[in-house]
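Peer 1: Here is a sequence with its predicted model. Questions after.
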There are 4 protein chains.
Amino acid sequence: MSASTWAVHPDDRERVIKAAFEAKEFAYCRYSKFRVGAALLTTTGQVIKGANIENASYGGTICAERTALVKAVSEGVRSFTALAVVTDVASAISPCGMCRQVIREFCAQNMPILLVPADYEKRLAGGEPDGGIKETSIGELLPDSFGPEDLELPRDH
Amino acid sequence: MSASTWAVHPDDRERVIKAAFEAKEFAYCRYSKFRVGAALLTTTGQVIKGANIENASYGGTICAERTALVKAVSEGVRSFTALAVVTDVASAISPCGMCRQVIREFCAQNMPILLVPADYEKRLAGGEPDGGIKETSIGELLPDSFGPEDLELPRDH
Amino acid sequence: MSASTWAVHPDDRERVIKAAFEAKEFAYCRYSKFRVGAALLTTTGQVIKGANIENASYGGTICAERTALVKAVSEGVRSFTALAVVTDVASAISPCGMCRQVIREFCAQNMPILLVPADYEKRLAGGEPDGGIKETSIGELLPDSFGPEDLELPRDH
Amino acid sequence: MSASTWAVHPDDRERVIKAAFEAKEFAYCRYSKFRVGAALLTTTGQVIKGANIENASYGGTICAERTALVKAVSEGVRSFTALAVVTDVASAISPCGMCRQVIREFCAQNMPILLVPADYEKRLAGGEPDGGIKETSIGELLPDSFGPEDLELPRDH
Ligand SMILES: [Zn+2]
Ligand SMILES: [Zn+2]
Ligand SMILES: [Zn+2]
Ligand SMILES: [Zn+2]
């Protein structure tokens, strides 16, 4: 099954995209000035928002996607049906490798990940199909991934 | 002003401690088997919970304290009056250095940080004053800290 | 140009593979018990080794691939022609997402990344072509990647 | 024993300070423009240098102190007698919390950590005792630390 055949109801799709835009408002990005918003749709229809929270140490920075995920998991929610990500850039921007690895821990290989351009509404109004969203999945973004099961493989010394 | 003179109402103090215990229930710690719960008390009296969310890569792990903080900040909340942390160990366990650095970014130097032993209730019932809680602050836990203002200091080449 | 057309001299290829095995000996993996060794081949023919260095905080863990890279870069070396990675598992194990992101910062999209099974020598002796190595590249492992140039894109507010 | 009674030979002290300045030259800090150099002195008199290696993801950044440490450990070196850190700022700048946690894993509580101002030589020439160096230790910088032994404490469920 490819990501594109995973069914997300159009209303839910709109809700999670809208939530990603809202999430971006609370980005704490005083170092990069690069705002990112993310939103997860859960199997029960809940929407959970995340923004990038930077740190003076740089290494202590936590991205929007990971913020949304730890928020959900720390509330006992581990079943997701879509993730939307938006920045201030007028094109689809991809998650970093750290976020891909954390998404990998909790999301299905073919769960839709919607990379939304900042000018999505403008594009929709201009007639661009799907507003310029790039739809992908963690299977595509982190192929041949390292995961929990690798740690349990027998060792050959 | 030392941490101990920072006023937290006894009811709020109980609420944030109780929330840290509740938060621990949702720890995702399949690698360390070491559950941690954290809770932040906000200036408006809200309580925000976090748990440790581990990752197969180990480096992608996000602790309970940071989970609670990014959760709060991503909802637009940046004013805190107390943090409580509890594990499954029957003594006060301190935050790691990464968490101290992220706490440093958002919390006052003398905001109370309550390190709660897992057997807090038992200790209270047994008459131990304050149930064995160790009260500290980020000023104490991360002295002479690196912070945002360091990045803006003039350079001497 | 695909990774497989990138020319690495067979002797250099053997050197970098051998170095990854040697590097593994110094893994500090007291928490995962999962040893990883990595080695970088530089454009000047130097080989730089890395091992995974774990941390009690888990989040402070630095993998073998990143250890090799920061080692090289901190010595002024930023031009690489191959990366080899080996674990104690008898199959090719892939880098985590964090490592992919750091590799992305310094290595060409099609630079060969050799994922070496722990029983490589045994496989070679048994006549398995290339000893079971899986050859890939960061272009393949981190498609549609986030990178430095994304941070400089114009913002659309 | 306090950090100040830990014996580092004046020649070794000068060597590790000089190495920290040299290390700074190879900082990869295209995002923060904040160069940091670090150097470790080992029990065998070896000096191992590190610089900060930043990443477009910000979170993937590895500081100078951690670079020096993983470099050493990945070469089988785990016994250190001093650490020197220098930036481009004309005052002593402290390690971030992540670095403190990694230092904690490998260095003695009272091992001298020398925070060196960028204008150290100028200060020495001007007659300032010790050139403005701030001498500290991980015991002071990360009091009441979380460490490997905490993970092994019995659980109280
Ligand atoms: Zn990210
Ligand atoms: Zn922590
Ligand atoms: Zn890795
Ligand atoms: Zn640091």
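Peer 2: It's in. Numbering: from 1, shown residues only, chains lettered A, B, ... in the order given. Ligands and ions are numbered 1, 2, ... in the order given.
Peer 1: so where do the helices sit in chain A?
Peer 2: For chain A, the helices defined by DSSP state H occupy A:10-24, A:64-73, A:97-106, A:120-125, A:138-141, A:148-151.
Peer 1: Could you check which residue of chain A lies nearest ligand 2?
Peer 2: residue A:60 (10.1 Å; C-beta to the ion). Every C-beta, even on glycine, is put in place using the N, C-alpha and C of the backbone.
Peer 1: And for that residue, the neighbour number?
Peer 2: A count of nearby residues for residue A:60, using other C-beta atoms under 10 Å in any protein chain shown, gives 25.
Peer 1: need the contact list for residue A:92.
Peer 2: Listed by C-beta atoms under 8 Å, 6 or more residues apart in numbering or on different chains, the contact partners of residue A:92 are A:115-117, A:132-134.
Peer 1: Relative to residue C:68, how far out is the residue of chain A closest to ligand 2?
Peer 2: Distance of residue A:60 to residue C:68, computed by C-beta to C-beta, to the nearest Å: 23 Å.
Peer 1: Repeat that for residue A:153.
Peer 2: 22 Å.
Peer 1: So which of the two has more stuff around it?
Peer 2: residue C:68 (32 against 15).
Peer 1: Can you tell me which residues in chain A are near ligand 1?
Peer 2: Counting by C-beta under 5 Å from the ion, chain A comes close to ligand 1 at A:63, A:96, A:98-99.
Peer 1: nearest to chain D, of those?
Peer 2: Nearest to chain D out of these is residue A:96 (C-beta to the nearest C-beta; 3.7 Å).
Peer 1: Same list (the helices of chain A) but as CSV, adding distance to residue D:147.
Peer 2: Putting these into CSV (distance: least, C-beta to C-beta, whole Å) gives the following:
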stretch, distance to residue D:147
helix A:10-24, 36
helix A:64-73, 24
helix A:97-106, 24
helix A:120-125, 47
helix A:138-141, 34
helix A:148-151, 22
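Peer 1: of all of chain A, which residue lies closest to ligand 3?
Peer 2: With C-beta to the ion as the measure, residue A:146 is the residue of chain A nearest to ligand 3, at 7.2 Å.
Peer 1: Quick one: neighbours of that residue, just the number.
Peer 2: Using other C-beta under 10 Å, residue A:146 has 22 neighbouring residues.
Peer 1: and it, what pLDDT?
Peer 2: Note on residue A:146: pLDDT of 98.
Peer 1: isn't it right next to residue C:98, touching?
Peer 2: No. Taking contacts as C-beta atoms under 8 Å, residue A:146 lies outside contact range of residue C:98: 9.9 Å.
Peer 1: list residues touching both of these two?
Peer 2: With C-beta under 8 Å, 6+ apart, residue A:146 and residue C:98 have common neighbours A:101, B:57.
Peer 1: Which members of the contacts of residue A:92 occur in strands, if any?
Peer 2: Judged by DSSP state E, those include A:115-116, A:134 as members of strands.
Peer 1: Now rank these by neighbours and give me the top one.
Peer 2: Among the ones in strands among the contacts of residue A:92, residue A:116 has the most neighbours (other C-beta under 10 Å), with 29 neighbours.
Peer 1: surely that one meets residue A:83?
Peer 2: No. The criterion here is C-beta under 8 Å, and residue A:116 misses it with residue A:83 at 10.6 Å.
Peer 1: quick one: low-confidence parts of chain A?
Peer 2: A:1-5, A:157 (pLDDT under 70).
Peer 1: Just give the number of residues close to residue A:13.
Peer 2: Around residue A:13 there are 19 residues (other C-beta under 10 Å).
Peer 1: Might you report the residue contacts of the nearest residue to residue A:67 once chain neighbours are set aside?
Peer 2: Ranked by C-beta to C-beta, 6 or more residues apart in numbering or on different chains and with sequence neighbours excluded, the top spatial neighbour of residue A:67 is residue A:50, at 3.3 Å. Shown here is residue A:50, whose contacts under the criterion C-beta under 8 Å, 6+ apart are A:23, A:37-40, A:64-69, A:71, B:70, B:74.
Peer 1: Show me what residue A:50 bridges to in the sheet.
Peer 2: Beta-bridge partners of residue A:50, counted by DSSP bridges, are residue A:38.
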